[in-house]
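# Make a model of this:
(chains A and B)
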Amino acid sequence: MIKLNNINAGYNKVTIIKNININFEKGSIISIIGKNGCGKSTLLRTASNLLKPFSGEITINGTNISAIDRRELSKIVSFLPQHRPVPNMSVYNLVMHGRYPYLGFSRTKTQQDKDIVENAIRSMGLDPYRNKNIQELSGGERQKAYIAMILAQDTDIIFLDEPTTYLDINHHLEILEITKELKGLGKTVVMVLHDLHSALAYSEKICLMDKGEIVMYDTPERVFASKEIDRIFSINSEMVKVGMDEKPHYAFYC
Amino acid sequence: MNLDKTNKSYKVALIIFLLVLLAICITLSICIGSTHIPLSKIIESIKNRDSTGNNYRIIRYVRLPRTFAAALAGCAFSVSGAIMQSVLNNALASPNVIGVNSGAGLFTVLLVAFFPSSLHLTPIAAFTGAMIAVFIVYFIAKQTKASRMAIVLSGVAVSSFIGAIIDTVLTLKPDVAISRTAFLIGGFSGVTMREISLASILILIALCLSFILSYDMNILALGDESAKSLGLNVTSIRFFCLVLAAVLAGSAISFSGLLGFVGLIIPHLSRSLVGYDNRILLPVTALFGAIFTLMSDLLARVLFAPYEIPVGIIMSFLGAPFFIYLLIKGKRGQLYD
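Sure, this is the predicted structure:
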């Protein structure tokens, strides 16, 4: 689906991520984990073409990303940044902005645009808030409004930079469940997560990073078993099975 | 009063109300002055086209240019302020705060002082000065990642630096062809159609382009990364919008002088009426700016009649308390939070 070959990237000529070779497969949830400052967000920004790499190439279904027109790319790849201003606009208008790549010169919305926005609002359970100002929403509702915008953008690949940080546990879990639904729609979800348990429990693949490089890219079970997480974070870990269905639960301690 | 700012009929009603108000202001501006000309006489003299009649000459050569200039400058400064506030995400941005006015002022003064035979190029000079100031602000915005405080502080610094140069030029060449006080405070006294013809074309083109780009400005409010991932060319749109703001402010300065607060207060007043959607905000700001400037100009003419005070003074009297109100209200200089 989206493939990074020998990518080196960073800011102001300082390399943050190096020798990145990774392939994000279609229809899966991939979590990038690693210590603060190890280049997780840089990797996400580079893969979504927000940051031009110093060297290497990124391809989407075999086509070089730099050969794809800006508008066309925004119909394939969407990105939800962690830090962003909170605009003074209604939920409906925010979600409608997700249709921006599809609008013509006159910026007129078609019935199809409106239907897609309605669906996005409904599927995020935002119907009661549609006319509310984003600034009046709680952190969790706000995050859902942004995800509704991403949904309206209707891209195959979705990059989420720490989508659950600062959220209450109920909203945290709700957002993770939403990523599962996105995957169910055939989308590829690549996200940076801080919560290691959530990353291991919700993803098909884990990309473990350290000092700007990918240490391991494998299934959660294998990454966990390798004890690389323990080494990088200098912690101990344990997996316990909880509940009737014996779901794996990952615990980390000093 | 709790009005639904997103309601379509509310917006239409507001636009119609503002258009009517503008028409009233234009009529008053033509009627009232040191010589009062009743409406019936105005219609009569326009019908007769009697170029020797006193009334006709006053209307044709004094009142009409002045009315047109005030309305146009009000539009231009206000929309320029609204654009800057939107694209820099800064409630305190406006042509006079971030140094665009002084940049335009400097080049106007330099042209008048050193090339007095090229006065017809004043709009171009003002626009060039405004552009240079915008370049500086844009560079600072980029360096500081659009930090609100840095932009405003550097605007203050740039303004006072340029102000010093303007003062130096005006002191060393006191016989320049512009009135020092009138230019620095801003006003429309003695403006002619010839002075505003080129500026008005530039302003009208820039207004149209800014209305066309209003939806893209809304997308900018989502933040650079979100806007980019939606396919918006953030760097060029932001830059082009700032160029439009510079064209608007620079052109207006070329005939009105350095008018103060209008570019700051009108966008805020308009936002409190119609919200943050630039598609409706910009036209409302344009109309409101024209009305406010026409009314201020009228006050400037009638308050101490037969003496006249520069309109900039009236605007600052009205604008400064509003500015303080804005600070007390605790907007912290950020537009979208």
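# name the element residue B:228 belongs to?
helix B:224-229 (DSSP states H and E).
# elements contacting the helix or strand just after that helix?
Beyond helix B:224-229 on the C-terminal side, the first helix or strand identified by DSSP H and E is helix B:234-256. For helix B:234-256, the packing partners by 3 or more C-beta pairs under 8 Å, 6 or more residues apart in numbering or on different chains; DSSP states H and E come out as helix B:64-87, helix B:100-114, helix B:122-143, helix B:193-212, helix B:214-220, helix B:224-229. (C-beta placed from N, C-alpha, C; glycine too.)
# now these as CSV including mean pLDDT, distance to chain A and mean neighbour count?
Formatted as CSV, the helices and strands packed on helix B:234-256 follow (pLDDT from 0 to 100; distance: least, C-beta to the nearest C-beta, whole Å; neighbours: other C-beta atoms under 10 Å in any protein chain shown):
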stretch, mean pLDDT, distance to chain A, mean neighbour count
helix B:64-87, 92, 11, 28
helix B:100-114, 87, 23, 26
helix B:122-143, 83, 11, 22
helix B:193-212, 90, 9, 18
helix B:214-220, 92, 4, 21
helix B:224-229, 92, 4, 23
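# Next one: the helix or strand residue B:24 falls within, is it in contact with chain A?
Secondary structure assignment for residue B:24, by DSSP H and E: helix B:8-31. No: using C-beta under 8 Å from any C-beta of the partner chain, helix B:8-31 never reaches chain A; the gap is at least 13.2 Å.
# can you give me the angle that helix makes with helix B:64-87?
150 degrees (axes from the mean of the first three to the mean of the last three C-alpha atoms, to 10 degrees).
# Now helix B:8-31: buried residues?
B:11, B:14, B:18, B:21-22, B:25-26, B:28-31 (16 or more other C-beta atoms under 10 Å in any protein chain shown).
# can I have stretch B:288-308 written out in CSV, keeping just the CAs?
Output of stretch B:288-308 as CSV, limited to C-alpha atoms (Å, rounded to 0.1, in the frame of the first residue of the first chain):
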residue,chain,number,x,y,z
PHE,B,288,-19.2,47.8,7.8
GLY,B,289,-15.8,49.4,7.1
ALA,B,290,-17.2,51.7,4.5
ILE,B,291,-20.1,52.7,6.8
PHE,B,292,-17.9,53.3,9.8
THR,B,293,-15.4,55.4,7.8
LEU,B,294,-18.1,57.4,6.1
MET,B,295,-19.7,58.1,9.5
SER,B,296,-16.4,59.0,11.1
ASP,B,297,-15.7,61.3,8.1
LEU,B,298,-19.0,63.0,8.6
LEU,B,299,-18.3,63.5,12.3
ALA,B,300,-14.9,64.9,11.4
ARG,B,301,-16.7,67.4,9.1
VAL,B,302,-19.6,68.4,11.4
LEU,B,303,-18.3,68.2,15.0
PHE,B,304,-16.3,71.4,14.9
ALA,B,305,-17.8,72.9,11.7
PRO,B,306,-16.8,75.1,9.9
TYR,B,307,-13.4,73.7,11.1
GLU,B,308,-12.6,70.1,10.2
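# what does it rub up against?
Residues from elsewhere that reach stretch B:288-308, judged by C-beta atoms under 8 Å, 6 or more residues apart in numbering or on different chains: B:18, B:21-22, B:25-26, B:28-29, B:32-34, B:66-67, B:70-79, B:187-189, B:259, B:262, B:265-266, B:269-270, B:309-311, B:313-315, B:318.
# What residues of it count as buried?
B:288-301, B:308.
# low pLDDT regions in the stretch 101-250 of chain A?
Within the stretch 101-250 of chain A, not a single segment meets pLDDT under 70.
# Show me what from it comes close to chain B.
Residues of the stretch 101-250 of chain A lying near chain B (C-beta under 8 Å from any C-beta): A:101, A:103, A:107, A:131, A:135, A:153.
# Compute the number of surrounding residues for the residue in chain B that chain A sits nearest to.
The minimum distance from chain B to chain A, using C-beta to the nearest C-beta, falls at residue B:231 (3.3 Å). Per other C-beta atoms under 10 Å in any protein chain shown, the neighbour tally for residue B:231 reads 20.
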